[in-house]
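*Asks:* Can you look at this prediction? I've put the sequence above it.
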Amino acid sequence: MTSSLVPDGAFSRRTLLRTGAAAGLAAGVGGLSTACSSSSSSSSSSSSGSKTLNVAFFGTQQDADKVQAAVGAAFEKSHPGVKVKFTGTTGTDWNEFFSKLLTQIAAGNAPDIATVATEGLQLFASKGLAEPLDDYIKKDAAELKPFFADVHPSLVEAMMYQGHLYELPTDFNAGNIFYSTSLFTKAGLDRPADDWTKDDFSAAVKKITGIGGGVVGWDWVVRLWGSWTSWMYANGGNLLTEGKAPGGDWLWNTFYPNDPAAQGRGGGWQWGAPTATADATVEALEFMIELQQGGFSPQPDVGGGKTLQGLFAGNKIGMAIGGGFWAGGLHNAGMADGQFDVQYFPKWTTQRHLFGTNGYGLFQHSKNKELAWEFIKSILQPDSMSLLIGGNNSTPTRKSMMTDSRYATSGPAHWQVFYDTLEKFPNTAPIPAPPYYNALATALNTRTTQAMSSRNAKTALAGLQSDLEAAASRSQ
């Protein structure tokens, strides 16, 4: 999901949120910045009265500098005496990055602002590190109404925890199916119907693999987003019991009073007891094993999926899970408009999709909270969001930004699928990311690898159930 600014051309949801506008992608999840002075303060002020906002960024410093040039410079121009400093921290995936961020915060080097995606929102909120935005939003409700009117309520709810809103979503990615149009043509396949099924998918996988020459119909990566977990959602399952926290009425009544899509929303997702051994969950992972045993899918990679992306761009994979970030990523990998397209995820017992979203959050330790809030609001403007997700390397949360002209160069032809996923499938939900996300992600990767190697989903998921129960108990 990267652009040409990323040397190896790899693109994954992790890379997307890591590289941000630096790679023409979505706003990256925050890599931690250090204070500009020897003080443990998250902000610094010189004797002349100038102020520095430290923004945490997940990625290299080179990428962080490019994001700073894209959005920080404009804010500095409109706020004389203010310096916006993006500082990068690298990691192989979310859990490694979060561990580094928490370590640096413990050392007294907390940022003013950080961009944290779905994976880490409850983690930082539950630790009291993130500042609830409720009062700020109430104060500026009139100014923010155009933003909320342009953003699907499911994306807002995903940024809430225990009744409070912690981030305003800037971009998101739902787990759709990207497919190679050339391989579909070679296999004699038409574009899948909007309501295609798991059986339709299986038939297509077999036909594409039948092309030969090392081509396979399907591939995926071992991680929480973009993994076998999409099949789990389509089968009506989840890793954790789903619930909604109370609260949030002020938000829904203020910004979504007549929106049917806001009905039943609460104060954020509440992840309960682990359900890794539920039939729907086991069946989803068994389906992946079945495809691998049949030779229709290779052994999946763990993490970002660099191999997966290269194989897809090289027309060796017929289908893979991807979000809006794949549009820019495949284009930057050399695939022309028309060589790939996107469709909704297939229906199993349901056609529920999963998604992840991203936004800028204000940290409790900031000594310049009002100034940081002004910066966060500036990021919500369409022009700024376009800079952050330039090159179609994520999906803007503002629906008005979804236009033909945006996808005219990169494709895909059916770009409407990205946002329509939220509207046509109202049960679509965020990935399960509780306060103990780090432990969940590590256990999921380990147990998924175990299942694919041993070809025994039940045993592996029984182990995952124990892992999650222990992690949940420790987090209480």
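*Replies:* Perfect, I can see it now.

*Asks:* Okay, and the beta partners of the residue nearest the centre of the chain?
*Replies:* The centroid of the chain falls nearest to residue 356 when counting by Cα atoms, centre = their mean (3.5 Å). Judged by DSSP bridges, the bridge partners of residue 356 are residue 173.

*Asks:* residues contacting it?
*Replies:* 13, 117-119, 172-173, 225, 323, 430-431 (Cβ atoms under 8 Å, 6 or more residues apart in numbering). Placement of C-beta: from N, CA and C, glycine included.

*Asks:* pLDDT value on it, please?
*Replies:* On the pLDDT scale, residue 356 is placed at 96.

*Asks:* Using the three-state scheme, assign residue 341.
*Replies:* strand (DSSP: H, G, I helix; E, B strand; the rest coil).

*Asks:* wouldn't it be in contact with residue 412 here?
*Replies:* Yes - contact criterion Cβ atoms under 8 Å: residue 341 and residue 412 qualify, at 4.5 Å.

*Asks:* which of the two has more neighbours?
*Replies:* Neighbours per residue (other Cβ atoms under 10 Å) separate residue 341 from residue 412, with residue 412 holding more: 28 against 21.

*Asks:* Identify the residues contacting the more buried one.
*Replies:* Contacts of residue 412 (Cβ under 8 Å, 6+ apart): 178, 327, 337, 340-342.

*Asks:* Repeat that for residue 187.
*Replies:* With Cβ under 8 Å, 6+ apart, residue 187 has these contacts: 204, 207-208, 210-211, 318.

*Asks:* Repeat that for residue 182.
*Replies:* Residue 182 neighbours (Cβ under 8 Å, 6+ apart): 315, 339.

*Asks:* Sticking with it, tell me its helix or strand.
*Replies:* Residue 182 is part of helix 181-186 when elements are defined by DSSP states H and E.

*Asks:* Could you identify the helix or strand that succeeds that helix?
*Replies:* helix 198-209.

*Asks:* avg pLDDT for that following helix?
*Replies:* Regarding helix 198-209, the rounded mean pLDDT is 98.

*Asks:* Identify each buried residue in it, please.
*Replies:* 198, 201-202, 204-209 (16 or more other Cβ atoms under 10 Å).

*Asks:* again, but for stretch 229-249
*Replies:* Buried, per 16+ other Cβ under 10 Å, within stretch 229-249: 229-240, 245, 247-248.

*Asks:* Just the ones of the residues you listed in helices?
*Replies:* 229-234 (DSSP state H).

*Asks:* just those now: which is nearest residue 146?
*Replies:* residue 233 (31.6 Å; Cβ to Cβ).

*Asks:* surely that closest one meets residue 351?
*Replies:* No - contact between residue 233 and residue 351 fails when scored by Cβ under 8 Å: they sit 9.4 Å apart.

*Asks:* Quick check: neighbours shared by these two?
*Replies:* residue 345.

*Asks:* Now render the buried residues of helix 198-209 as CSV, adding distance to residue 288.
*Replies:* Below are the buried residues of helix 198-209 laid out as CSV (distance: Cβ to Cβ, whole Å):
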residue, distance to residue 288
198, 12
201, 12
202, 12
204, 16
205, 12
206, 15
207, 19
208, 17
209, 15
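
*Asks:* What are the contacting residues of stretch 133-143?
*Replies:* Contacts of stretch 133-143 (Cβ under 8 Å, 6+ apart): 144, 164-168, 250-251, 254-255, 361-362, 373, 376-377.
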